[in-house]
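Peer 1: the following comprises the amino acid sequence and a computationally predicted model.
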Amino acid sequence: MNDFYPPGIGSMPKFEIVARIDATNVRSLVWDGDSLVDWAGGGNRFELHGNCFEGSIRHPFEFDAACVSPSGKYAAVYQRLDTKGAVLKNGEFLRELSRSDYHADVYEYPICFARLGTGQEVLIHCPDEYCQLEIEDAETGERLTQHANRKPVDFFHSRLAVNFAGTYLLSAGWVWQPYDFFGLFNLPEALVDPVLLDDWNFVPKVSAEVSSAAFLGDDRLVIATSAETFEDEFTGDEVRPSSIAVWNITRQKLMGNVLLEQAAGTLMPVDEEVVVDFFEHPKLVSISTGKVIERLPDVHSGTQTSSIIHHIEPLPAMALDPARRRFAIASESEILVVAVSD
């Protein structure tokens, strides 16, 4: 057994290449069942066994990213480093989107969909101010967080995500002078009192910049930090530099906190013990040891370690599917689909 894999686990996870699909000029990827769709590129559809179907959407702007609602009914296309976006319904244009132009050319567009406990699908983004989150009905655009006394803290929201239960919203953005951090928000409470979106809550003490964060189930976060820190001494109850940690949201407690073998970027949790890290190339990383279990060194997955991405090369189109333990990455000539098997 690999020395880096946690004891007590019966089998070691590994990467398995599921499909190689010939494709060029892929601008975005989202999952739709066992197919992949490039909504930013016009709606081109790629099936895992190789069939491809050209989309017919002609966008007025050069969109380079997309996200999709839990049902797949709605999609949003947008410019990662600009202000324009649009909502699609079943592949048809529904309405325009925009965000503040303040430093929009520096950091990734903040946007995601969610399904509330009522079943309603909503869009979460920052249409007015870079620091003010809004929740809208996905279909109509009706704002559900309208409030006269909104006074948000000075935080650049980005890399938004919602847990499967639709109870918590994560924003992995940054504060001035650029320092990567994150905020966590209770969605049901924020819909009753939108002012709760104006300050971050439920976060652990972190003594370093937050490279990325992702939901591990519905009530935990897995957090990766960089080597950048503002502390000279550490007390032991904080997330340290160059670490991977697990934060229990309901218990408000760190459940794990170990040094990373190497720098980490975007994370996709696989199970209780393992995440896929996408910095430079996909790697399976043990949450309990911080060690790399397996890697795909020949697969380029970008160098993102922050919401601030203007200074790095454009990110490849990727679609992550943690529920089914798989992901897809586009290169110049193909889409590679990879699963994590035991």
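Peer 2: Thanks, I have it. Predicted, not measured: the structure shown is a model, and the values here were computed from it. Residues are numbered from 1 along each chain as shown.
Peer 1: pairing partners for the helix or strand bottoming out on mean pLDDT in the chain, with directions?
Peer 2: In the chain, no helix or strand scores lower on mean pLDDT, DSSP states H and E than strand 253-259, which sits at a mean of 92. Using DSSP bridges, the strands paired with strand 253-259 are strand 243-248 (antiparallel).
Peer 1: what's the average pLDDT for the partner strand?
Peer 2: For strand 243-248, mean pLDDT rounds to 96.
Peer 1: got it, and stretch 193-208?
Peer 2: Rounded mean pLDDT across stretch 193-208 is 87.
Peer 1: and that stretch, how far out from the chain's middle?
Peer 2: 18 Å (Cα atoms, centre = their mean, to the nearest Å).
Peer 1: what's the span of it, first residue to last?
Peer 2: Taking Cα to Cα, to the nearest Å, the first and last residues of stretch 193-208 lie 31 Å apart.
Peer 1: sorry, back to before: name the residues of the least confident helix or strand of the chain that are buried.
Peer 2: Counting neighbours by 16 or more other Cβ atoms under 10 Å, one finds that the buried residues in strand 253-259 are L254, G256, N257, V258. All C-beta atoms are positioned from the backbone trio N, CA, C, and that covers glycine.
Peer 1: stretch 39-51 too?
Peer 2: Buried, per 16+ other Cβ under 10 Å, within stretch 39-51: W39, A40, G41, G42, G43, N44, R45, F46, L48.
Peer 1: ok, stretch 68-79 next?
Peer 2: V68, S69, Y74, A75, A76, V77, Y78, Q79.
Peer 1: now stretch 215-234
Peer 2: Those would be F215, L216, R220, L221, V222, I223, A224, T225, S226, for stretch 215-234 by 16+ other Cβ under 10 Å.
Peer 1: go on, stretch 334-342?
Peer 2: Applying 16+ other Cβ under 10 Å to stretch 334-342 flags E334, I335, L336, V337, V338, A339, V340 as buried.
Peer 1: below-threshold pLDDT in the stretch 101-250 of the chain: ranges please.
Peer 2: For the stretch 101-250 of the chain, the stretches with pLDDT under 70 are 201-202, 232.
Peer 1: buried residues in stretch 89-98, which are they?
Peer 2: Quick answer for stretch 89-98 (16+ other Cβ under 10 Å): L94, L97, S98.
Peer 1: and for stretch 15-25?
Peer 2: F15, A19, I21, A23.
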